[in-house]
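Trainee: Structure of the sequence below:
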Amino acid sequence: MREAGIMLISTALTCAVIGNAYYQRKQFYPTVVHITKSNPSMTHLLEKVWYAVTETCLAFTVFRDDFSPKFIALFTLLLFLKSFHWLAEDRVDYMERSPVITWLFHLRVGTLLILLFAINLTMIHYAYNTTATKGPSVQLVFGFEYAILLTVVFNISVKYILHTIDLQSENPWDNKPVFLLYTELIIGLLKVILYVAFVTLMVKLYTLPLFALRAMYYTMRDFKKAFHDIVMSRRAIRNMNTLYPDATAEELAAADNVCIICREEMVSASKKLPCNHIFHTACLRSWFQRQQTCPTCRLNILRPVNNNQGNRQQNQAQAGPQVPQAPQAPGFNPIGMYT
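Mentor: From the prediction side, this is the model:
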């Protein structure tokens with residue numbers, strides 16, 4: 001009887017899910033695709049949960065004397081809050097790919113960020129008071145984890161504000177990639193400082209924290225990449241402003257005057273690269289924030305290219321691929337055939 005009740009409830013819930021999907025999609029095949037497709041947020045969540053659980057198991061070996069039901073409860077709470085941080089990050093990244101954002105989305109994200117910020121501050125304060133009164137314990141790890149989560153909330157909040165400003169503007173915001181790059185650099189620097197301080201403190205009090213080495217390595221790598229991207233982008237933008245000429249009306253009329261970055265017609269404010277490809281100046285500025293190559297031929301913008309080489313590349317692109325000629329046989333003289 002109990003098994004029959006469980007089967008009945010499971011069948012009813014399955015029918016409710018299918019009915020809700022059909023109500024949203026209105027047709028059979030879109031409903032099937034909606035039900036069977038994987039959720040990227042859940043996929044990212046499961047991947048990160050696996051690493052978080054593994055690192056916590058390594059932390060058990062360092063603080064095995066503090067292993068207790070309270071420790072299990074604090075770890076469960078930490079993992080629960082980490083999941084909400086990861087989901088909030090995916091939701092904010094979704095804003096850049098979605099053309100329409102409802103007011104309900106803003107209400108949910110704003111409320112979630114405020115709650116996560118308050119909870120992180122509360123747990124950091126609790127870990128600090130416990131360590132100050134009872135001495136070093138596992139609260140060092142929890143305080144450090146919540147400090148890292150606090151930087152994550154700050155990063156998500158800045159991205160949310162920048163995406164919201166960009167959505168409210170009629171034209172694309174050209175300076176948004178610049179602010180995003182500097183935000184990643186500042187957040188990366190804060191994380192590196194926290195990891196170095198935590199590892200130094202753990203080595204001094206306990207032992208080398210193996211559970212923090214992987215995250216520390218990725219944090220330093222991301223910080224190095226953000227710093228490198230800023231330096232390279234500033235160099236590419238400086239070259240664009242000083243070395244590359246503005247495209248004239250005759251050059252725009254002679255070439256295809258459609259910018260392949262934004263797919264809009266180029267009328268003014270366009271730059272010609274050394275490979276003779278022409279783009280909007282604002283589009284190139286946004287493009288150079290992430291990569292310093294020509295969007296069409298992938299020419300390295302930071303590498304000096306003379307005019308002859310640029311003209312040769314342009315002529316080869318216009319002429320198309322050349323058909324190789326068959327080699328002549330040894331001793332063959334086409335003139336000697338008629339003598």
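
Trainee: From what I see, Arg91 and Val109 are in contact.
Mentor: Yes: Arg91 lies in contact with Val109 (C-beta atoms under 8 Å); the separation is 5.9 Å. C-beta here means a position set from N, CA and C on the backbone, and glycine is covered the same way.

Trainee: Those two - which one has more neighbours?
Mentor: Val109 (21 against 16; other C-beta atoms under 10 Å).

Trainee: The more buried one against Val92, yeah?
Mentor: Yes: at 6.6 Å, Val109 and Val92 qualify as touching, with contact defined as C-beta under 8 Å.

Trainee: Just give me the longest helix of the protein.
Mentor: Criterion DSSP state H: the longest helix present in the chain is helix 103-134.

Trainee: ok now that helix, how far from the chain's centre?
Mentor: Distance of helix 103-134 from the chain centroid (C-alpha atoms, centre = their mean, to the nearest Å) equals 24 Å.

Trainee: Also stretch 72-90?
Mentor: Counting by C-alpha atoms, centre = their mean, stretch 72-90 comes out at 20 Å from the chain centroid.

Trainee: Please apply the same query to stretch 245-265.
Mentor: 30 Å.

Trainee: what's next to it, contact-wise?
Mentor: Contact with stretch 245-265 is made by 172, 266-267, 269-272, 278-280, 283-284, 286-287, 295-296, as judged by C-beta atoms under 8 Å, 6 or more residues apart in numbering.

Trainee: one more time with 7 Å, if that's ok
Mentor: Contact with stretch 245-265 is made by Met266, Ser270, Lys271, Lys272, Ile278, Phe279, His280, Cys283, Trp287, Pro295, Thr296, as judged by C-beta atoms under 7 Å, 6 or more residues apart in numbering.

Trainee: and if you look at stretch 61-74?
Mentor: With C-beta under 7 Å, 6+ apart, stretch 61-74 has contacts from Phe60, Ser137, Val138, Phe142, Tyr206, Thr207, Pro209.

Trainee: Helices - which of those residues land there?
Mentor: Judged by DSSP H, the subset of those located in helices is Phe60, Phe142.

Trainee: could I get the contacts of stretch 61-74 as a markdown table with pLDDT and distance to Thr102?
Mentor: Below are the contacts of stretch 61-74 laid out as a markdown table (pLDDT from 0 to 100; distance: C-beta to C-beta, whole Å):
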| residue | pLDDT | distance to Thr102 |
| --- | --- | --- |
| Phe60 | 72 | 43 |
| Ser137 | 80 | 45 |
| Val138 | 80 | 42 |
| Phe142 | 88 | 36 |
| Tyr206 | 83 | 49 |
| Thr207 | 82 | 50 |
| Pro209 | 83 | 43 |
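
Trainee: between the contacts of stretch 61-74, which is closest to Ala118?
Mentor: Proximity of those to Ala118 (C-beta to C-beta) peaks at Phe142, which lies at 16.4 Å.

Trainee: Name all residues that make contact with the nearest residue to that closest one once chain neighbours are set aside.
Mentor: Excluding the flanking residues, the one nearest Phe142 by C-beta to C-beta, 6 or more residues apart in numbering is Ala127, at 5.1 Å. Ala127 is in contact with Gln139, Phe142, Gly143, Tyr146, counting by C-beta under 7 Å, 6+ apart.

Trainee: ok, so what distance separates Ala127 from Phe144?
Mentor: When distance is defined by C-beta to C-beta, to the nearest Å, Ala127 is 8 Å away from Phe144.

Trainee: Also Trp287?
Mentor: Shown here: Trp287 relative to Phe144, a distance of 38 Å by C-beta to C-beta.

Trainee: Among the contacts of stretch 245-265, name the buried ones.
Mentor: Met266, Ser270, Lys271, Lys272, Ile278, Phe279, His280, Cys283, Trp287, Pro295 (16 or more other C-beta atoms under 10 Å).

Trainee: The third one pairs with what?
Mentor: What it means is Lys271. As for beta bridges, Lys271 partners with Asp246, Phe279 under DSSP bridges.

Trainee: Identify the structural domains in the protein and state their residue ranges.
Mentor: Residue ranges for the domains of the chain, per the TED database: 9-38, 40-237, 245-302.
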